[in-house]
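**Student:** this one's structure only:
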C-alpha cells in the first residue's frame with residue numbers, strides 16, 4: 001500500500017525552486033507562530049500550553065529532535081511504502097491522530113473535521129474524552 005502523501009517533501013522542494021512557498025510552515029516553531037497569529041489567547045494557550053508544567057511536551061519534542069530526515073538525492077523516490085501493521089490492523093503510515101479535547105474552540109469543524117481528514121488518509125483518530133462532539 002502506498003501512502004497518499006508519498007513524495008510530499010520532494011513536492012515542496014520542486015515547488016520551492018519555482019518560487020512557491022508552502023501554505024503552512026514545516027518547522028514546528030514557525031507553525032506555532034502561525035497558529036498564534038490567527039487564534040485568540042484562550043484557544044491558543046489551550047492547545048500550546050500542554051498539560052501541567054509541560055514536561056511531557058518538552059520530552060516529546062526532545063525525542064522527536066533526535067531523529068533526522070535523510071534526503072535521498074539521485075534516487076527514485078517517487079513511490080514509497082509507509083504502510084505498517086499496528087495490533088493486527090493495516091495502516092498506510094505509522095501515524096495516529098492523537099486526542100485533543102474541545103476542538104470546537106479552535107475550529108468550527110472540530111472533531112468531525114479531523115475525523116473526515118483521518119478517514120480520507122486512512123489513518124486512525126483517537127477521540128478525546130473531552131471532545132466537543134459525541135462518537
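**Tutor:** Yep, that arrived. This one's a predicted model, so the numbers in the text were calculated from it and none came from an experiment.

**Student:** which stretches of the chain have low pLDDT?
**Tutor:** 1-10 (pLDDT under 70).

**Student:** got the residue ranges for the strands in it?
**Tutor:** Secondary structure of the chain (DSSP state E): strands at 84-86, 89-91.

**Student:** List just the one of those that sits closest to residue 108.
**Tutor:** strand 89-91 (28.4 Å; Cβ to Cβ). For the C-beta atoms, the positions are set from N, CA and C on the backbone; glycine is no exception.

**Student:** ok so, going back, out of the strands of the chain, the one nearest residue 116 is which?
**Tutor:** strand 89-91 (17.4 Å).

**Student:** Buried residues in the closest one, which are they?
**Tutor:** residue 91 (16 or more other Cβ atoms under 10 Å).

**Student:** ditto for stretch 45-52
**Tutor:** Those would be residue 47, for stretch 45-52 by 16+ other Cβ under 10 Å.

**Student:** now stretch 87-97
**Tutor:** Those would be 91, 92, 93, 95, 97, for stretch 87-97 by 16+ other Cβ under 10 Å.

**Student:** show me what contacts the residue most central in space within the chain?
**Tutor:** Nearest to the centroid of the C-alpha atoms of the chain, with distances taken as Cα atoms, centre = their mean, sits residue 97, at 7.5 Å. Going by Cβ atoms under 8 Å, 6 or more residues apart in numbering, residue 97 touches 114, 117, 118, 123, 124, 125, 126.

**Student:** what's the closest of the residues you listed to residue 72?
**Tutor:** Distances from residue 72 to these, taken by Cβ to Cβ, are shortest for residue 123, at 23.6 Å.

**Student:** how about the buried residues of stretch 87-97, which pair is most distant?
**Tutor:** 92 and 97 (12.9 Å).

**Student:** Give me the buried entries from the contacts of residue 97.
**Tutor:** 114, 118, 123, 125.

**Student:** Which one of these is nearest to residue 75?
**Tutor:** Among the buried ones among the contacts of residue 97, and counting by Cβ to Cβ, the member closest to residue 75 is residue 123, at 26.3 Å.

**Student:** And the residue nearest to that closest one when sequence neighbours are not counted, how close does it get to residue 125?
**Tutor:** Excluding the flanking residues, the one nearest residue 123 by Cβ to Cβ, 6 or more residues apart in numbering is residue 95, at 5.5 Å. Distance of residue 95 to residue 125, given as Cβ to Cβ, to the nearest Å: 10 Å.
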